[in-house]
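Asker: Take a look and give me a structure for this.
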Amino acid sequence: MTTFVDRVELHAAAGNGGHGVASVHREKFKPLGGPDGGNGGRGGDVILVVEQAVTTLLDYHHHPHRKATNGQPGAGDNRSGKDGQDLVLPVPDGTVVLDKAGNVLADLVGQGTTFVAGQGGRGGLGNAALASARRKAPGFALLGEPGESRDIVLELKTVADVALVGYPSAGKSSLISALSAAKPKIADYPFTTLVPNLGVVTAGSTVYTIADVPGLIPGASEGKGLGLDFLRHVERCSVLVHVLDTATLESDRDPVSDLDMIEEELRLYGGLENRPRIVALNKVDIPDGQDLAEMIRPDLEARGYRVFEVSAVAHKGLNELSYALAGIIAEARATQPKEESTRIVIRPKAVDDAGFTVTVEEDGIYRVRGEKPERWIRQTDFNNDEAVGYLADRLNRLGVEDALRKAGAQAGDGVAIGAEDNAVVFDWEPTMAAGAEMLGRRGEDHRLEAPRPAATRRRERESERDVAQREYDEFDPF
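Answerer: So this is what the prediction gives:
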């Protein structure tokens, strides 16, 4: 059964905004007291928060679909809908958030660091908020916007001071159990360690964490063995410890070649070139291991490594190794900038000064893209004529009709607002006049009832083609 997960795909869906309501205040002797429709509530956000008590992404492995609550619709008597509740998801320290393309969206390090994975939709305005001097009693309200839905990838990079790296069965698990109170699985066969193990070590006044990374083999940086899955766990460590087996039973291996292989894999993985290294020659409690350690130690020291002869079983050389690591870590911590409280970083999206763009596609459709036009489309109730007329007025004031004329659009041409997979398409009829003086009864807009010759001609041509196609299909010369 899976107990440790360090990479998951999370489907985060924020809450939808509540709809506004169209209502008219009524009381005795005052049947038409003016619009009093309230606004809809905001949809809840999906927020990732670093929690020190959480150490794995296992919960999101079993339940990858998470959704915040929706905002409530407004009501009459100027009552606004209740906002949706934010969904707060705790994640381990060191979690990296990526999109499906592999781009890093956030690097969550430090207790309380947050990232909004899904933005809740805005609530729609009620007719009380839409009332103006020209439109005193709107017979419509705006719809709530849908919440943001996003597929993201969560990757856990262990936050540890020391990383133990080496071949399978080099004794890394035995070493971490001897240095700390960690109790990893220990056995006499390769790949005993399938997940990173963390332990806490105290050396004098320095307390640090040490991670046992699953064994690396040639080709680990390319995905062989377990290396590629867990090499990222050494990225945040202050020092790397090469655990070399001096008593290996494999005739084609020796500690020096093991070290060269591990260094090559770390080089291919990248980003660890300037990390301090220490070599721990393990299993020197075995006579042959002690002899081999004494033989290769001068060569390793000539390369610039600090070498320690240790035995996890006999607890030999552990104090020297522990205090040496504590010294390096204390020095690394002293050079780090002073930790400050978590700051909220706002990265505004780049937008066009015009607010929208108009492009002509191969099929003759004029496509309008922009944050405001697309948001207004989502807020419009197309079952209400007055709401559609209000949308036409907003687009006209934004300059969409002028841009369509400059692009060469004529009456009856197709116009699409939004992306291809979620666009509203209509036949464009230039608005010669707009405003409250154009409106009839509440909920109606006589502009939508006006004859549209271009659209009529188009429907007639489509009908003629359908009739001809049916006659051709029914024709049987035999």
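Asker: Any buried residues in stretch 136-152, and which?
Answerer: Neighbour-count burial for stretch 136-152, with 16 or more other C-beta atoms under 10 Å as criterion, is recorded at 138-148, 150, 152. For glycine as for every other residue, the C-beta is placed from the backbone atoms N, C-alpha and C.
Asker: now these in TSV, with secondary structure, distance to Val201 and pLDDT?
Answerer: As requested, the buried residues of stretch 136-152 are exported to TSV (DSSP: H, G, I helix; E, B strand; the rest coil; distance: C-beta to C-beta, whole Å; pLDDT from 0 to 100):
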residue	secondary structure	distance to Val201	pLDDT
Pro138	coil	69	89
Gly139	coil	72	88
Phe140	coil	67	91
Ala141	coil	63	93
Leu142	coil	60	94
Leu143	coil	58	94
Gly144	coil	54	94
Glu145	coil	52	94
Pro146	coil	50	93
Gly147	coil	45	93
Glu148	coil	43	93
Arg150	strand	39	92
Ile152	strand	34	93
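Asker: how deep is Pro168 tucked in, by neighbour count?
Answerer: Number of residues near Pro168 (other C-beta atoms under 10 Å) recorded here: 17.
Asker: Shouldn't it be within a helix?
Answerer: No. When the secondary structure is assigned by DSSP: H, G, I helix; E, B strand; the rest coil, Pro168 falls in coil instead of a helix.
Asker: Quickly note the distance from it to Pro276.
Answerer: Taking C-beta to C-beta, to the nearest Å as the criterion, Pro168 is separated from Pro276 by 24 Å.
Asker: in the sheet, who's paired with the residue nearest the centre of the chain?
Answerer: What sits nearest the mean C-alpha location of the chain, by C-alpha atoms, centre = their mean, is Ile152, with 3.9 Å. In this structure, Ile152 has the following beta-bridge partners (DSSP bridges): Leu10, Asp99.
Asker: need the contact list for it.
Answerer: Ile152 makes contact with Glu9, Leu10, Ala12, Val97, Leu98, Asp99, Lys100, Leu105, Ala117 under the criterion C-beta atoms under 8 Å, 6 or more residues apart in numbering.
Asker: for Gly17, same thing?
Answerer: Remark: with contacts taken as C-beta under 8 Å, 6+ apart, Gly17 is in contact with 40-43, 70-71, 120-124, 144-147.
Asker: Repeat the analysis, applying 10 Å as the threshold.
Answerer: For Gly17, the residues meeting the contact criterion (C-beta atoms under 10 Å, 6 or more residues apart in numbering) are 39-43, 70-73, 81, 83-84, 120-124, 142-147, 378-379.
Asker: Including distance to Val49, could the buried residues of stretch 136-152 go into TSV?
Answerer: Written out in TSV, the entries for those read as follows (distance: C-beta to C-beta, whole Å):
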residue	distance to Val49
Pro138	41
Gly139	44
Phe140	39
Ala141	35
Leu142	32
Leu143	31
Gly144	26
Glu145	24
Pro146	24
Gly147	19
Glu148	18
Arg150	17
Ile152	15
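Asker: farthest-separated two in those residues?
Answerer: Between any two of those, the greatest separation by C-beta to C-beta is 41.4 Å, found for Gly139 and Ile152.
Asker: returning to that earlier point: please flag which of the contacts of Gly17 sit within helices.
Answerer: The helices in this structure, assigned by DSSP state H, contain Arg378, Gln379 from the contacts of Gly17.
Asker: for Leu240, helix, strand, or coil?
Answerer: Secondary structure of Leu240, reduced to three states by three-state DSSP: strand.
Asker: Hmm, Val213 and it touching each other?
Answerer: Yes. Under the contact definition of C-beta atoms under 10 Å, Leu240 touches Val213, with a separation of 9.5 Å.
Asker: ok but Ala392 is inside a helix, no?
Answerer: Yes. Remark: Ala392 belongs to a helix, assigned using three-state DSSP.
Asker: Run a quick neighbour tally on it.
Answerer: Residues lying near Ala392 (other C-beta under 10 Å) number 20.
Asker: and what of Ile176?
Answerer: Per other C-beta under 10 Å, the neighbour tally for Ile176 reads 27.
Asker: Off-centre distance for whatever helix or strand it lives in?
Answerer: Taking DSSP states H and E as the criterion, the element that holds Ile176 is helix 172-179. Once both centres are worked out by C-alpha atoms, centre = their mean, to the nearest Å, helix 172-179 turns out to sit 36 Å from its chain's centre.
Asker: Can you spell out which helices and strands pack onto that helix?
Answerer: For helix 172-179, the packing partners by 3 or more C-beta pairs under 10 Å, 6 or more residues apart in numbering; DSSP states H and E come out as strand 162-165, strand 197-203, strand 206-212, strand 239-245, strand 277-282, helix 318-335.
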